[in-house]
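>>> take a look and give me a structure for this.
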Amino acid sequence: MRAIVITENGGPEVLKPAERPAPEPGPGEVLVDVAAAGVNFIDVYFRTGAYPHDLPYTPGMEAAGTVTAVGEGVREFSVGDRVAWADVHGAYAAQAVVPVERAVPVPDGVGLEDAAASLLQGMTAHYLTRSTYPIRPGDTVLVHAAAGGMGLLLTQAAKALGARVIGTASTPEKERLAKDAGADATMPYDGFAARVRELTGGEGVAAVYDGVGAPTFDGSLESLRRRGTLALYGAAGGPVPPFDPQRLNRAGSLFLTRPTLAHYVEKREELLERAADVYGWIASGALNVHVGHRYDLADAGAAHTDLQARRTTGKLLLIP
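Below is the predicted model:
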């Protein structure tokens, strides 16, 4: 089968296509024909070695497809079932073996591309807005990179809970995309903290959802109201340098958290609940999935290059 194989950490050029032996499912596993694989910044972290992983390996942590074989003891899924998964390596391939406990069913009314494009980021938006900082009607929140795949889903999830959403974006075109997704106000990154204060009458926002990291961190803290929450869920722009926690006190007893999806779907019941909510929103039309670009599997390097250069909007998919 075709797959992307990483034999050394580095830039996008280390994402090399190769022919690999067709995998077979072991006990408690299913074999899936991959219809689409999501491209996420966590893939970049693993590729560069920022997140360690044994070499060689096939990257990609999110995909959807059709079950073609089941391993010993599998009762939850059968051949022909449509499934999706996140937080399992090996998605950049024509076929993947997935542990049953990490796979979720894709319901009728949700296409496999939408299923692959929404699971990791959709569940991230779910836990950020419902668990990390549970939004209450009337809250004002700030969403960075609001026109990216994550930002568009976050904006819609926050609006569904009754929030007023302020979004940042790097171009006027991206600002329009964010507004189309429901953002009440948008702005470029330069001087965003002062503008947020203006839009909130000097009070600041209840929460900042920040996946950018170092370039926005200081401004994110400055944008918060007293006892506000900064959810630093990623570092697309680089890691935040060490800082004095006393800053949180001086700025108004702020809360800072560095969450990750794995800790919010550790139990299968929680995984199934969050996935069912995300797919239910898509099936009902409450959540719109914007696929910004589709790439052939062999062009995984180009997908990473475009993602890191912020040349894209919405979700990026690899199509094996």
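>>> for the rest of this, base every contact and every neighbour count on C-alpha atoms.
Will do.
>>> distance from the chain centre to stretch 116-128, please.
The chain centre lies 6 Å from the centre of stretch 116-128; the measure is CA atoms, centre = their mean, to the nearest Å.
>>> residue contacts, the nearest residue to G314 once chain neighbours are set aside?
Distances taken as CA to CA, 6 or more residues apart in numbering place G149 nearest to G314, at 3.7 Å, with adjacent residues excluded. By CA atoms under 8 Å, 6 or more residues apart in numbering, the contact set of G149 is Q121, H290, V291, T313, G314, K315, L316.
>>> so which of those is the closest to T186?
The shortest gap between T186 and any of these belongs to T313, at 15.2 Å (CA to CA).
>>> name the element the spatially most central residue of the chain belongs to?
In the chain, the centroid-proximal residue (CA atoms, centre = their mean) is Q121; its distance is 2.9 Å. Following DSSP states H and E, one finds Q121 within helix 112-127.
>>> then that helix to CSV, C-alphas only?
Extracted C-alpha coordinates of helix 112-127, given in CSV (Å, rounded to 0.1, in the frame of the first residue of the first chain):
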residue,chain,number,x,y,z
LEU,A,112,-16.2,10.5,5.2
GLU,A,113,-14.3,13.6,4.2
ASP,A,114,-16.3,15.8,6.6
ALA,A,115,-15.8,13.1,9.3
ALA,A,116,-12.0,13.2,8.8
ALA,A,117,-11.9,17.0,8.6
SER,A,118,-13.8,17.6,11.8
LEU,A,119,-13.0,14.9,14.4
LEU,A,120,-9.8,16.1,16.0
GLN,A,121,-10.5,19.8,15.7
GLY,A,122,-14.2,19.4,16.4
MET,A,123,-13.6,17.5,19.6
THR,A,124,-10.9,20.1,20.5
ALA,A,125,-13.5,22.9,20.0
HIS,A,126,-15.9,20.8,22.1
TYR,A,127,-13.7,20.4,25.1
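>>> tell me the helices and strands packed up against it.
strand 29-39, strand 62-70, strand 82-86, helix 149-160, helix 268-284, strand 315-319 (3 or more CA pairs under 8 Å, 6 or more residues apart in numbering; DSSP states H and E).
>>> to G219, which of those lies closest?
helix 149-160 (17.5 Å).
>>> can you pull the buried residues of that closest one?
By neighbour count on 16 or more other CA atoms under 10 Å, the buried set for helix 149-160 is G149, M150, G151, L152, L153, L154, T155, Q156, A157, A158, K159.
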